[in-house]
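Peer 1: quick one, what's the 3D model for this:
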Amino acid sequence: MNISVLYASVLVALTFGVSRMEWGALALWPSVVAIVSVILLRSALSGLLIGAATGGILLAKGNPVLAFTQFFSEHLLPALGSEWNISVLIFTMLLGGFAALLERGHGFEAILQTWLAKGKRSDQRVQWSAYLMGLVCFFDGLASSLLTGKSIRPLADRVGVSRAKLAYIVDSTSSAVACVAIMSTWIAYQLSMIREGYAQAGIEGVQPFSIFLSSIPRNFYCWFTLLLLAVVIRKGWNPGPMAKLEEKARNQSASSTRNSEDGLKVESQAAWRVVIPLLTLIFSLFVGLYWNGVEGDFWPLLPSKLKQAYGDAQSNLVLLYSTTLACLVAFACNYRAIAKSKAVPSSVFLDGVQRFFAPCLVLIAAWCLSSTLGKLEASAYLTSVLSGTLPVQFFPLVVFLLGVLISFTTGTSWGTMGVLMPLALPVAFSLAPGSESLVASVVAAVFSGAVFGDHCSPLSDTTIVSSMACDLEPFDHVRTQLPYAVTTACLASILGFLPLGMGVSPWVCLLSGGVLILFLPAIHRKLFPTTNSHG
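Peer 2: Okay, the predicted model is just below:
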C-alpha cells in the first residue's frame, strides 16, 4: 500500500476516534495534522487539505456524510464565493502570466549584459550581477531563482564563482525579496492570510494592505538576509563548507577566465521590455490604492492622507486592476521579441497563468483550513491557554521561532503562513488589545519564519529550484547555505524580534543588526583564523 494512502487512512481513523470528545485542545488538531502531513507527504496542498478535512470531521462529530457535505457547503464554496478571494486568485494567476512574458522577452538578460559591460568581469562583479538580478525579479521568487541561476551560471563557472555560492545568492534574493515586495506573486497570499487572522479574531471588513506595509520594516529575517548577502559578496566571506567549494571553483577556472568571452546574445536595448512593464505595475498600484482609498479631494498629497488611503483602499481590486494593466503593457512590449523566438505570445502568457494554478489551490486549501479552525474556535482555545502564561514581550520572538521550525520541517513558506497566521493574530489581539504595533510585529514574525524554510529546508521548492538552476545537488546547496541562514535567524531573534517585543523601534533593531552584520566577517576570522575566504 502507498505510504501516503496508509498515512491518510490512519490519520482519518484517529480523527473519527476522537471526534466525539469535547474539543478543547482538539481544536488545534487540524493544525497539527496539517503540519505533520506536509512533512510526510512533502506537499503543502495535500497537507492543508488533510488538515481541513480532519477539522471538518471534528465539526461533524464523526459523521462522514455530514463532514463531506459541510466541507463544500460551509468551507469551500463560501471561500470561492467571496469577491475578495476570487479577485486574489485572478490577480495571482495574472501575475504569473506577466512574469512569463517578461522572462521570454529577454529584457533581464539585457539588463545583466549592460551591468556587466560597465567594468572588468571579475568573480565579485558576477556575484553582484546575480544579486542585482534577484532584486529586479522582485515579482516572483521561483521566477527569480530560475532566471538568475540559468543566466549567471555560465559566467560564474568562467570566473571562478562556485555553483554553491551562486545558489546561495540566487536563493537569498528570491523569497526574501518577494516577501517584502509590495507587488509580487506572494502578496495576494500574504494579504489573504492577514485577513484570515483578523477573521479568526472576529474582526471583519479589514483592508490588510496597510498592515502589510507596517510589517515590512519588521521583517528582520528577510532584511538581514539581503544585507548579509551584500557583506558576503563584498568581503568574500565563506564560512563552513562554502570555503572549500569556492577555492575549488577558483582553481578550476584560473586558466579559462583569461581567455573567456562572456557576452550574452541579446539586444543591448532590450531592457526597456522589462523596465516599462515593471514601472507600470508599481506606479499603477500606488496611484490605484490612493485613488481608491482617499476621502475628499485628491490633492494635496499629504502623508496623513496617503496612510489613510492605503488603509481604506480595496487592495484586492486595486491589485487586480494594476496587474491587468501591467499585463497589457508587458504583452505589447514583448510581443515582437517573443514572436521572433518562434513562440506564440498568447501561449506564453497562458503558460505563465497555468504555472500558478497549483499555488492558487494551496491558497484555497489554506482558506478551508482557516474556516474549520474558526468554527472549532481554535484561536480562542490557544488564547485562553497563553493568556497570563506568555509575556506579551516575547510573543513576536515565539511566533518567529515557531515559523522557523514549521517552515524548515515542512519546506513550505506558504503552508507555514497558512497554519500559523490564523492562530497567531488572534492571540496577539488578546495579549495586547488595540496594539497595532504588536499585530504588525506578529505578521512580520510569521513572514520571516516562513522564509527561513525556503532558504535552507531540503524539502523546499525554492531550495530545489535554486539548486537546479545552478546545476548543483540540493544537498550541497543546503549544507553550504545553512550557516548563513542560521546566522541570520539568530540575528533576527536576538537583535530583531526580542527587542521589538520590548518596545524598541524596528528601525533601531534594523540598524543594530545591520551594524553587527558589517563586522561579522572580521569577527569570524578573528575567532577562526584558519577559515578560508576570498575577497
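
Peer 1: quick one: the helices in the stretch 1-150 of the chain?
Peer 2: For the stretch 1-150 of the chain, applying DSSP state H, counting those that start in this stretch gives helices covering 3-18, 29-41, 44-59, 64-70, 77-80, 83-104, 107-116, 123-136, 141-159.

Peer 1: just name the most buried of those helices.
Peer 2: helix 44-59 (a mean of 26; mean count of other Cβ atoms under 10 Å). The way it works is simple: take the backbone N, C-alpha and C, and place the C-beta from them, glycine included.

Peer 1: just the angle between that helix and helix 29-41, please?
Peer 2: Interaxial angle of helix 44-59 relative to helix 29-41 (axes from the mean of the first three to the mean of the last three Cα atoms, to 10 degrees): 150 degrees.

Peer 1: hey, C-alpha coordinates of helix 44-59 in CSV?
Peer 2: Output of helix 44-59 as CSV, limited to C-alpha atoms (Å, rounded to 0.1, in the frame of the first residue of the first chain):
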residue,chain,number,x,y,z
ALA,A,44,1.6,21.9,1.1
LEU,A,45,-1.6,21.4,-0.9
SER,A,46,-2.1,17.8,0.5
GLY,A,47,-1.2,18.8,4.0
LEU,A,48,-3.5,21.8,4.2
LEU,A,49,-6.4,19.8,2.7
ILE,A,50,-5.9,16.9,5.0
GLY,A,51,-5.9,19.3,8.0
ALA,A,52,-9.1,21.0,6.7
ALA,A,53,-10.7,17.5,6.3
THR,A,54,-9.9,16.5,9.8
GLY,A,55,-11.3,19.7,11.0
GLY,A,56,-14.5,19.0,9.1
ILE,A,57,-14.7,15.5,10.7
LEU,A,58,-14.4,17.1,14.2
LEU,A,59,-17.1,19.6,13.4
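
Peer 1: and the average pLDDT for it is what?
Peer 2: Across helix 44-59, the average pLDDT comes to 90.

Peer 1: tell me what the lowest-mean-pLDDT helix or strand in the chain is packed against?
Peer 2: Lowest on mean pLDDT, DSSP states H and E among the helices and strands of the chain sits helix 107-116, with a mean of 73. Using 3 or more Cβ pairs under 8 Å, 6 or more residues apart in numbering; DSSP states H and E as the contact test, the elements touching helix 107-116 are helix 123-136, helix 141-159, helix 272-293.

Peer 1: what's the closest of the ones you listed to Arg525?
Peer 2: helix 123-136 (17.9 Å; Cβ to Cβ).

Peer 1: mean confidence for that closest one?
Peer 2: Averaging pLDDT along helix 123-136 gives 88.

Peer 1: what's next to it, contact-wise?
Peer 2: For helix 123-136, the surrounding residues in contact (Cβ atoms under 8 Å, 6 or more residues apart in numbering) are 108, 111-112, 115-116, 119, 144, 147-148, 151-152, 155-156, 159-161, 165-166, 169-170, 172-174, 177, 229-230, 233-234, 236, 250, 274, 278, 534-535.

Peer 1: recalculate using a threshold of 6 Å.
Peer 2: Residues outside helix 123-136 that contact it (Cβ atoms under 6 Å, 6 or more residues apart in numbering): 112, 115-116, 144, 148, 152, 155-156, 159-161, 169, 173, 233.

Peer 1: any idea of the angle whichever strand or helix holds Ser441 forms with helix 141-159?
Peer 2: Here Ser441 sits within helix 436-456, counting by DSSP states H and E. Helix 436-456 runs at 50 degrees relative to helix 141-159, counting by the same axes, to 10 degrees.

Peer 1: packing partners of the following helix or strand past helix 436-456?
Peer 2: As assigned by DSSP H and E, the chain's next helix or strand after helix 436-456 is helix 461-469. Packing partners of helix 461-469 (3 or more Cβ pairs under 6 Å, 6 or more residues apart in numbering; DSSP states H and E): helix 141-159, helix 163-172, helix 474-491.

Peer 1: got a list of contacts for helix 461-469?
Peer 2: In contact with helix 461-469 (Cβ under 6 Å, 6+ apart) are residues 141-142, 145-146, 149-150, 167, 170-171, 174-175, 454, 474, 477.

Peer 1: hey, C-alpha coordinates of that helix in PDB?
Peer 2: Below are the C-alpha coordinates for helix 461-469, written out as PDB (Å, rounded to 0.1, in the frame of the first residue of the first chain):
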ATOM      1  CA  ASP A 461      10.600  24.000  -3.700                       C
ATOM      2  CA  THR A 462      12.700  27.200  -3.700                       C
ATOM      3  CA  THR A 463      15.700  25.400  -2.400                       C
ATOM      4  CA  ILE A 464      15.400  22.700  -5.100                       C
ATOM      5  CA  VAL A 465      14.700  25.100  -7.900                       C
ATOM      6  CA  SER A 466      17.700  27.300  -6.900                       C
ATOM      7  CA  SER A 467      19.900  24.200  -6.900                       C
ATOM      8  CA  MET A 468      18.600  23.000 -10.300                       C
ATOM      9  CA  ALA A 469      19.000  26.400 -11.900                       C
END
